[in-house]
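# Here is my input, please return the structure:
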Amino acid sequence: EMKIESMRIGIYDFEPVNDNNDPNVMDKSKFNRDAMQIEFFKKASAAGVKRFLVTFFSPPNFTKYNRQSGVPAPPQGYIVTNTIDSAYYKEYAEYAVAFVKLVKELADVDIYGISIGNEIQFNQTYQSVVLNTSQYLEIIRTVGRRFAAEGIKAFLWGAETLQAQDPGNNYMKICQADPEVRNYLAAYAVHSYAANGIGQGGPTTGNWAQILADSRNANSTAALNNIRNNPMAPLDASGGQFLGNGGPGIPVYQSETSGLSESFSDALLMFSGIQNAAVYGNNSGWYYIGINEGYALQQTFRHYSKYVWGGARRINVSTLTGISSSAYRNPDGSVTVIIGNGNSGARTISLTGANLPGQFRVFQSVDKLYMQELTTITSSITLPPNSMTTLWGGGNALVAANGVTVSGSGGVTSINGAGMTLQMAAVVG
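The predicted structure follows:
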């Protein structure tokens, strides 16, 4: 029903003891298959998930100073020791290679991307690791070299930080500044939380604009080829493997958020968060922990996941005061327009644009009524107050470069958002 094409999965503790003392010789018998979630990969793949983004929440215990993946006591007690010993960077690279190879061998799944840490700026009360920017740089270098030597198709992405702790996007910048490592880090990701790492918050529209600008400076053909060469890379409407952020540089992801309730106000907050990430940050993926746990959030997410497909390209769309909007061209040429009315009153709008579909199916959500299919429209629709609407039409429909115009009362301003690959997705937590 939700058409989930991509998932982010957290992995830890699948090498409980060192397989041997040589990081270049892998003993597959020493890896814990259950911790690798092999059966889950099989089931998710059979259900239609194509792109698995994996986060290693912690390196193996034996590589860390505290010799444990989690932090059972208050995190402040492990600020120094909850990190990896540099002598074990090559063992961490072997860990990553083993995971990719064994998932392919045992589940017949090609891992899309690997992140080597989760919220690495601070300790967690669960499995975690703390890495400063210099450590992160050298681990990406070590793992990137090993992936290249082994012919691993999974790309490296990260650093999955919070804007409150890394407003300058320094983990991305240090990798971009290194002539070798800039060819390994192929996508940049942040989490959408408040400064405490728990409450709702995260990137503002201004933060997203800066993240996008910084990612466009991380312009490496070799890094992007790490995605293009992955067998799971999505195809755009031209049949090529289109990806990117609408300009030069690496794609951007919002790779984790959570904590929303089943209230309609929180559903609207999720909707707004996805819209802002897409429009201002040109996100290539948006992930939520526990999307399968609540109906309201599921259906809100479905406004995107059901009708914006892997390989979709975001196209220009104008907007109105109090109206949020984004539009996409799918690989089959169909057009999806997603509109939110945050006004206290209803608004009637019209869609215009060269070569638009002749009609659109309409899916609308208001409080307690989600994703209701309404009468098909040709161009005009009334949006109830505080509502979410997805319009989907056509197939093999060509859209002019000037995109879609949404017109009505309230003063039109233009948002230029041409050129994005969108892979809306959920996360298994």
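
# now the residue nearest to residue 185 when sequence neighbours are not counted, what's its secondary structure?
Nearest residue to residue 185, sequence neighbours excluded (CB to CB, 6 or more residues apart in numbering): residue 175, at 4.4 Å. The way it works is simple: take the backbone N, C-alpha and C, and place the C-beta from them, glycine included. Recorded secondary structure, residue 175: helix (DSSP: H, G, I helix; E, B strand; the rest coil).

# give the contact list for residue 175.
136-137, 140, 181-182, 184-185, 218 (CB atoms under 8 Å, 6 or more residues apart in numbering).

# how does it look with 10 Å?
Neighbour list for residue 175: 133, 136-137, 140-141, 144, 156, 158-159, 181-185, 188, 218, 220, 223, 250 [criterion: CB atoms under 10 Å, 6 or more residues apart in numbering].

# Which parts of the stretch 151-300 of the chain are helices?
170-177, 205-217, 221-228, 264-281, 295-305 (DSSP state H, counting those that start in this stretch).

# In this protein, which residue is most central in space?
In the chain, the centroid-proximal residue (CA atoms, centre = their mean) is residue 285; its distance is 3.2 Å.

# Residue 253 is in contact with residue 208, correct?
No. At 11.7 Å, residue 208 does not count as touching residue 253 under the criterion of CB atoms under 10 Å.

# Need the overlap of contacts for these two.
190, 277, 281, 283.

# count of neighbours near the last one?
Residue 283 is surrounded by 30 other residues when neighbours are defined as other CB atoms under 10 Å.

# The residue nearest to residue 107 when sequence neighbours are not counted - how many residues pack around it?
In space, and not counting its chain neighbours, residue 107 is closest to residue 41: 4.1 Å by CB to CB, 6+ apart. The tally of other residues near residue 41 (other CB under 10 Å) stands at 22.

# Check residue 203 too.
For residue 203, using other CB under 10 Å, the count is 27.

# ok, it to residue 304 distance?
The spacing between residue 203 and residue 304, counted by CB to CB, to the nearest Å, is 17 Å.

# do the same with residue 323
17 Å.

# which of those two has more neighbours?
residue 304 (26 against 19).

# Looks like that one contacts residue 298 (just checking).
No. Assessed by CB under 10 Å, residue 304 is found out of contact with residue 298, at 11.6 Å.

# where do the contact lists of the two overlap?
In contact with both residue 304 and residue 298: residue 2, using CB under 10 Å, 6+ apart.

# Flag the shaky bits of the stretch 51-200 of the chain, pLDDT-wise.
70-79, 196-197 (pLDDT under 70).

# in it, which spans are strands?
Secondary structure of the stretch 51-200 of the chain (DSSP state E, counting those that start in this stretch): strands at 51-56, 113-115, 155-162, 185-191.

# how about these, which one is nearest residue 364?
strand 51-56 (28.7 Å; CB to CB).

# which secondary structure elements does the closest one contact?
On a contact count with 3 or more CB pairs under 10 Å, 6 or more residues apart in numbering; DSSP states H and E, strand 51-56 meets strand 6-11, helix 38-46, helix 89-107, strand 113-115, strand 155-162, strand 185-191, strand 252-256, strand 426-428.

# Tabulate those (TSV), appending distance to residue 171.
Converted to TSV, the helices and strands packed on strand 51-56 look like this (distance: least, CB to CB, whole Å):
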stretch	distance to residue 171
strand 6-11	18
helix 38-46	28
helix 89-107	16
strand 113-115	11
strand 155-162	4
strand 185-191	8
strand 252-256	13
strand 426-428	20
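
# So for residue 127, which of these sits nearest?
Smallest distance to residue 127 across the helices and strands packed on strand 51-56 (CB to CB): 7.8 Å, for strand 6-11.

# end-to-end on stretch 311-331?
6 Å (CA to CA, to the nearest Å).

# How far away from the center of its chain is it?
18 Å (CA atoms, centre = their mean, to the nearest Å).

# in that stretch, what counts as buried?
Across stretch 311-331, burial judged by 16 or more other CB atoms under 10 Å covers 311-320, 323-331.

# got it, and stretch 348-355?
349, 351, 353.

# pretty sure the first one belongs to a helix, no?
No. Residue assignment for residue 349, taken from three-state DSSP, gives strand, which places it outside any helix.

# In this structure it contacts residue 343, no?
No. The criterion here is CB under 10 Å, and residue 349 misses it with residue 343 at 11.4 Å.

# For residue 124, see how far away residue 97 is.
25 Å.

# tell me the SS of the closest residue to residue 302 other than its chain neighbours?
Closest residue in space to residue 302, ignoring its immediate chain neighbours: residue 2 at 5.1 Å, by CB to CB, 6+ apart. State at residue 2, reduced to three classes by three-state DSSP: coil.

# do you know how far residue 2 is from residue 49?
11 Å.

# what's the answer for residue 113, then?
14 Å.

# who's more crowded, these two?
When residue 113 and residue 49 are compared for neighbours, residue 113 comes out ahead with 28 against 22, by other CB under 10 Å.

# So what sits opposite that one in the bridge?
Per DSSP bridges, the residues bridged to residue 113 are residue 53, residue 155.

# show me the contacts for it.
6, 8, 51-55, 153-158, 186-187, 189, 226-227, 230, 232, 251, 253, 255, 285 are the contacts of residue 113 under CB under 10 Å, 6+ apart.

# For the stretch 301-429 of the chain, which residues score under the pLDDT cut-off?
Along the stretch 301-429 of the chain, segments meeting pLDDT under 70 span 396-429.

# any chance you could map the strands in it?
312-315, 317-320, 323-329, 335-341, 347-352, 360-366, 369-377, 380-383, 387-393, 405-407, 412-415, 421-422, 426-428.

# Run me through the strand neighbours of the third one, direction for each.
Strand 323-329 sits in its sheet next to strand 312-315 (antiparallel), strand 335-341 (antiparallel), going by DSSP bridges.

# do the fifth one as well
The partner list of strand 347-352 in its sheet, established with DSSP bridges, is strand 380-383 (antiparallel), strand 405-407 (antiparallel).

# before we move on, back to that, minimum distance to residue 60: which of the helices and strands packed on strand 51-56 has it?
That would be helix 89-107 among these, by CB to CB, at 5.7 Å.

# helices and strands around that closest one, which ones?
Using 3+ CB pairs under 10 Å, 6+ apart, helix 89-107 sits against strand 6-11, helix 38-46, strand 51-56, strand 113-115, helix 133-150.

# Serialize those to JSON lines and add fields for distance to residue 374.
Listed next are the helices and strands packed on helix 89-107 as JSON lines, based on distance: least, CB to CB, whole Å:
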{"stretch": "strand 6-11", "distance to residue 374": "29"}
{"stretch": "helix 38-46", "distance to residue 374": "32"}
{"stretch": "strand 51-56", "distance to residue 374": "32"}
{"stretch": "strand 113-115", "distance to residue 374": "38"}
{"stretch": "helix 133-150", "distance to residue 374": "48"}
